[in-house]
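Undergrad: take a look and give me a structure for this.
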Amino acid sequence: MIKDNLLKVQSTIVSPARLIAVSKTKPVEAVQEAYEAGQRLFGENHALEMRDKHAVLPQDIEWHFIGHLQSNKVKYIAPFVSLIHSIDSLGLLQVVDKEAAKNDRTIDCLLQFHVAAEETKFGLNKEEAQALLPHLTEMEHVHIVGIMGMATNTDDEDRVRADFKQLKAIFDWLKNSYFANDAAFRELSMGMSGDYMIALQEGSTMVRVGSAIFGARNYDL
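TA: Okay, here's the model as predicted:
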């Protein structure tokens, strides 16, 4: 089932957009099945779960951290994480820089922006981002390569599309104003199982799809 689901989702995504298979709460066996079907990019939202899966799964997997990241958990993923999607404060970015330095790495990161109606979702606004950006010159072991965001959880496709358009506008503003000379600043991570097709239409370069591949989440883990 996982292979069939994965191939179905992959068939809807056109390069240069990439698929992040969201394997959070799923057992190692499910990740391995997707891996054997050709998937190499996986997303997790718990640092310890990601650490444990990394230890036993193939080492060519590219691990993406996609959830809210607590500063005291950065150390568990800093040795191997490929991309952190969810930088939502200067303090967190400084911790990532510190832990990356300990591991003699530079870690790619996305700034997470809040555009959804739900106040419970994390993310920066433009003013907070403007306050954060000047501090990048103080950090040598992180590299901002784009932004991430989530649309409002609603069946109103017009609202979802408007959220994605807002994220694309933020990306364009940052690219033109701060990262015009950085070719690596090119990632716009938006879109999940229920709305990723709209996200792709609005310019997403990374979609984070879990339940459409693996089925419903296992909350009892």
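Undergrad: which SSE is immediately downstream of the helix or strand where Ile20 lies?
TA: Here Ile20 sits within strand 18-22, counting by DSSP states H and E. Counting by DSSP H and E, the next helix or strand C-terminal to strand 18-22 is helix 28-36.
Undergrad: where does the most centrally placed residue in the chain land in three-state SS?
TA: By C-alpha atoms, centre = their mean, the chain has its centre lying nearest to His85, at 3.4 Å. Counting by DSSP: H, G, I helix; E, B strand; the rest coil, the backbone at His85 sits in strand.
Undergrad: does the closest residue to it other than its chain neighbours count as helix, strand or coil?
TA: Closest residue to His85 apart from its sequence neighbours, by C-beta to C-beta, 6 or more residues apart in numbering: Met148 at 4.3 Å. Using the backbone N, CA and C atoms, a C-beta is placed for each residue, glycine as well. The three-state label given to Met148 by three-state DSSP is strand.
Undergrad: so Met148 touches Ile84, yeah?
TA: No. Counting by C-beta atoms under 8 Å, Met148 does not reach Ile84; the two are 9.3 Å apart.
Undergrad: quick check: neighbours shared by those two?
TA: Leu110 (C-beta atoms under 8 Å, 6 or more residues apart in numbering).
Undergrad: re earlier: now the angle from the strand holding Ile20 to strand 83-87?
TA: Taking axes from the mean of the first three to the mean of the last three C-alpha atoms, to 10 degrees, strand 18-22 and strand 83-87 form an angle of 80 degrees between their directions.
Undergrad: now tell me what touches strand 18-22 from outside.
TA: 6, 9-10, 13, 31, 34, 39, 41-45, 64, 66, 189, 192, 205-210, 213-214.
Undergrad: ok, stretch 128-143 next?
TA: 89-90, 93-94, 96-98, 100-101, 105-109, 111, 113, 124, 144, 170, 174, 178, 184.
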